[in-house]
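S.K.: Requesting a structural model of the entry that follows:
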Amino acid sequence: MEYEGTQITLKEDIPLKHKFYKLDEKSGSDIIMYGVLVGKTVFDVLAGMRVSTENLKHASGNYAYRKVKYHWQKPDISKFSQDFFNGYHRSDGRVGTANYWLFIPTVFCENRNLDVIKEVLQDELGYSVTEKYKSFARELILARQQGKKLTDKDNLNFPSISNRSQVFENVDGIRFLNHDGGCGGIRQDSEVLGKLLAAYANHPNVGGITILSLGCQHLQSPELLEEIKRTNPSFDKPVYIFEQQQSQSEEQLIKESIRKTFEGLEQINLLQRKPASLDKLCIGVKCGGSDGFSGISANPAVGYCADLLVALGGKVLLAEFPELCGVEQEMVDRSVNESVAKKFIRLMRDYEALALRAGSGFHMNPSPGNIKDGLITDAMKSAGAAKKGGTAPVSDVLDYTEPATRAGLSLVCTPGNDVEATTGQAASGATLILFTTGLGTPTGNPVCPTIKISTNTALARRMADIIDIDTGSIISGEKTLKEMGEEILRYCIRAASGEITPKAVLLNQDDFIPWKRGVSL
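M.R.: Prediction:
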């Protein structure tokens, strides 16, 4: 094959999404990709050889604050300058893209009660997605009773989850934050959990809250209420608190919580969507199940969308600190001031030191699926992952659960773990999440609608039930990154307005995992 006038003979078959060396390189040579160091060769390699875990090992450069004046070339926003979305306006000035009722347990002991309430309310109020599976089970039972055996060739008609009838037309769903914390462990875990739950209670997509408490746990309900009001002094959403150890029975607790929640649903159902300018959007950008196409299709397309939103005055949240390993200097140089840059450096180094003390490290982040599909080192994975944040200046750096208050691009300290990261992004205020994937990841968030974007068309066709947008047309040359980025922003505007529902929402993919600040990559 020919590349930039040079003939390269492939030394082996190169699998789809994988890479090959374009030059002969000596052992220990720096390998550059996307303009950054992504690894060093383990032995002498020849042009045309496949890049693999055997011949390339992770390497990344040093980074420090160096007073760089970053100049950003803003994208053309003329196509969107008059656009708006229809959202739910909250008293603190923020605008939600959805209107949810939220159930919060202060301790894992209440998860069982939440599961009962969840089944009842979602089934009876029209939010359940399990009716088609229940129908399938009933068909199997009936067939057994009749002495028949159903096969995959039998034509069964099941209810569609997109045609369900909701009792409260202005309530987009009822969400439940089941978790395994609130007691045991160390007190710091409960404190961080309290900040996280308070952030979710204050989220602009949440209209009201029911809190279930056992009574004797570390995270006490008065402390949670105090944290909610400390985070937002103007907090005025309806809140109902139920303490199991003060109730007459479990049945009484469940019935009373359902009754009061029904009253609250009546109240928030009075809210209606109203126009809001695009600067009121706060979009989290995340990748999971990444592949060799992630850095050249979905991620940079999302990055262009991010740049458009920043230029329009909105907020963008880029998380996953283990997946910024290798691009640290770029993020430092893009920081708007020394304070922002040094906060990023401190959080990044503290996080990596924690991993190293545990005998791990950022270099161990790529999963077997990542490696199989062409992401050989963590720096290689990170160089492509960082493209989701676009090219805008870094306006702020947020520690876990810190709220986003500045317009522009903010870096949010979270693990790379899909759900821990999206959980943290929502806590910082993301009202939509753009989630890119090359392998297919069924991840969502309880309060933040998650839009799934495939890096390649084969995935979009194979897992059409979870993919909203396909960027494979970039790979085939049918669309440019600019065209795809504009298309993604238009989709965001429609999703924020409730005109279309992302598939993660339709499927109730409500994943929530608090980060205990331990070693998680």
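S.K.: where does the spatially most central residue of the chain land on pLDDT?
M.R.: The chain has residue 422 as the residue nearest its centroid, 3.3 Å off, counting by CA atoms, centre = their mean. Residue 422 is assigned 98 on the pLDDT scale.
S.K.: do the same with residue 293
M.R.: Here the pLDDT value assigned to residue 293 is 92.
S.K.: Next, count neighbours for residue 352.
M.R.: 18 (other CB atoms under 10 Å). C-betas here are computed from N, CA, C, even on glycine.
S.K.: Quick check: it vs residue 287, distance?
M.R.: Distance, residue 352 to residue 287, by CB to CB, to the nearest Å: 20 Å.
S.K.: just residue 478 next, same as before
M.R.: 22 Å.
S.K.: And these two? Which one has more around it.
M.R.: residue 287 (31 against 11).
S.K.: from what I can see that one touches residue 297, true?
M.R.: No - using CB atoms under 8 Å as the test, residue 287 is too far from residue 297 to be in contact (11.4 Å).
S.K.: neighbouring contacts of stretch 458-472?
M.R.: Stretch 458-472 has contacts (CB atoms under 8 Å, 6 or more residues apart in numbering) with 297-298, 301, 436-442, 451-457, 479, 484, 487-488, 491, 502-504, 507, 509.
S.K.: just checking, which of those residues belong to helices?
M.R.: If you go by DSSP state H, those have 298, 301, 457, 484, 487, 488, 491, 503, 504 in helices.
S.K.: Residue 307: which element?
M.R.: helix 298-311 (DSSP states H and E).
S.K.: Could you list the residues in contact with that helix?
M.R.: 74-75, 77, 80, 278, 281, 283, 285, 287, 315-316, 318, 384-385, 387-392, 407-409, 434, 436-438, 453-455, 471, 474, 481-482, 484-486, 488-489, 492.
S.K.: Now which of the residues you listed would you call buried?
M.R.: Among the contacts of helix 298-311, those classed as buried by 16 or more other CB atoms under 10 Å are 75, 77, 80, 278, 281, 283, 285, 287, 315-316, 318, 384-385, 387-392, 407-409, 434, 436-438, 453-455, 471, 474, 481, 484-486, 488-489, 492.
S.K.: right, and the helix or strand after the helix or strand bottoming out on mean pLDDT in the chain?
M.R.: For the chain, counting by mean pLDDT, DSSP states H and E, strand 2-3 ranks last in confidence among helices and strands (a mean of 78). Next along the chain after strand 2-3, taking DSSP H and E as the criterion, comes strand 6-7.
S.K.: in its sheet, what does that next one sit against?
M.R.: strand 2-3 (antiparallel) (DSSP bridges).
S.K.: contacts for the strand it pairs with?
M.R.: In contact with strand 2-3 (CB under 8 Å, 6+ apart) are residues 8, 22.
S.K.: same thing but 10 Å
M.R.: 8, 20, 22, 47 (CB atoms under 10 Å, 6 or more residues apart in numbering).
S.K.: Surely the third one is in contact with residue 47?
M.R.: So that's residue 22. Yes - at 5.8 Å, residue 22 counts as touching residue 47 under the criterion of CB atoms under 10 Å.
S.K.: Which neighbours do these two have in common?
M.R.: 3, 6, 8.
S.K.: Can you tell me which of the residues you listed has the most neighbours?
M.R.: Busiest of these [other CB under 10 Å] is residue 8, holding 16 neighbours.
S.K.: Could you report the pLDDT at that residue?
M.R.: 89.
S.K.: Can you give me every residue that contacts it?
M.R.: Counted by CB under 10 Å, 6+ apart, residue 8 has contacts 1, 2, 20, 21, 22, 23, 46, 47, 48.
S.K.: so where is the stretch 301-450 of the chain shaky, pLDDT-wise?
M.R.: Residue ranges of the stretch 301-450 of the chain with pLDDT under 70: none are present.
S.K.: What segments of it are helices?
M.R.: 328-334, 338-357, 368-372, 378-385, 418-427 (DSSP state H, counting those that start in this stretch).
S.K.: can you list those helices in TSV and add distance to residue 213?
M.R.: Putting these into TSV (distance: least, CB to CB, whole Å) gives the following:
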stretch	distance to residue 213
helix 328-334	40
helix 338-357	31
helix 368-372	39
helix 378-385	39
helix 418-427	20
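S.K.: in the stretch 351-500 of the chain, which spans are strands?
M.R.: With strands called from DSSP state E, counting those that start in this stretch, the stretch 351-500 of the chain shows them at 394-398, 408-412, 432-437, 450-454, 469-470.
S.K.: Sheet partners, orientation included, of the third one?
M.R.: It refers to strand 432-437. Using DSSP bridges, strand 432-437 pairs in its sheet with strand 282-287 (parallel), strand 450-454 (parallel).
S.K.: how far off helix 298-311 does that strand point, in degrees?
M.R.: Calculated by axes from the mean of the first three to the mean of the last three CA atoms, to 10 degrees, strand 432-437 forms an angle of 160 degrees with helix 298-311.
S.K.: got the angle for strand 432-437 vs helix 418-427?
M.R.: Using the same axes, to 10 degrees: strand 432-437 against helix 418-427 is 160 degrees.
S.K.: Centre of the chain to strand 432-437, how far?
M.R.: 6 Å (CA atoms, centre = their mean, to the nearest Å).
S.K.: Can you check what angle separates it from helix 378-385?
M.R.: Using the same axes, to 10 degrees: strand 432-437 against helix 378-385 is 130 degrees.
S.K.: Next: the second one.
M.R.: Taking the same axes, to 10 degrees, one finds strand 408-412 and helix 378-385 inclined to each other by 150 degrees.
S.K.: name the helices or strands packed onto strand 408-412?
M.R.: Here strand 408-412 touches strand 282-287, helix 298-311, strand 315-318, helix 328-334, helix 338-357, strand 394-398, helix 418-427, going by 3 or more CB pairs under 10 Å, 6 or more residues apart in numbering; DSSP states H and E.
S.K.: how about the ones you listed in a markdown table, adding distance to residue 251?
M.R.: Formatted as a markdown table, the helices and strands packed on strand 408-412 follow (distance: least, CB to CB, whole Å):
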| stretch | distance to residue 251 |
| --- | --- |
| strand 282-287 | 39 |
| helix 298-311 | 48 |
| strand 315-318 | 42 |
| helix 328-334 | 53 |
| helix 338-357 | 45 |
| strand 394-398 | 43 |
| helix 418-427 | 32 |
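S.K.: and of these, who's closest to residue 226?
M.R.: Closest of the helices and strands packed on strand 408-412 to residue 226 is helix 418-427, at 17.4 Å (criterion: CB to CB).
S.K.: avg pLDDT for the longest strand along the chain?
M.R.: Counting residues, the longest strand found in the chain (DSSP state E) is strand 206-213. For strand 206-213, the mean per-residue pLDDT is 98.
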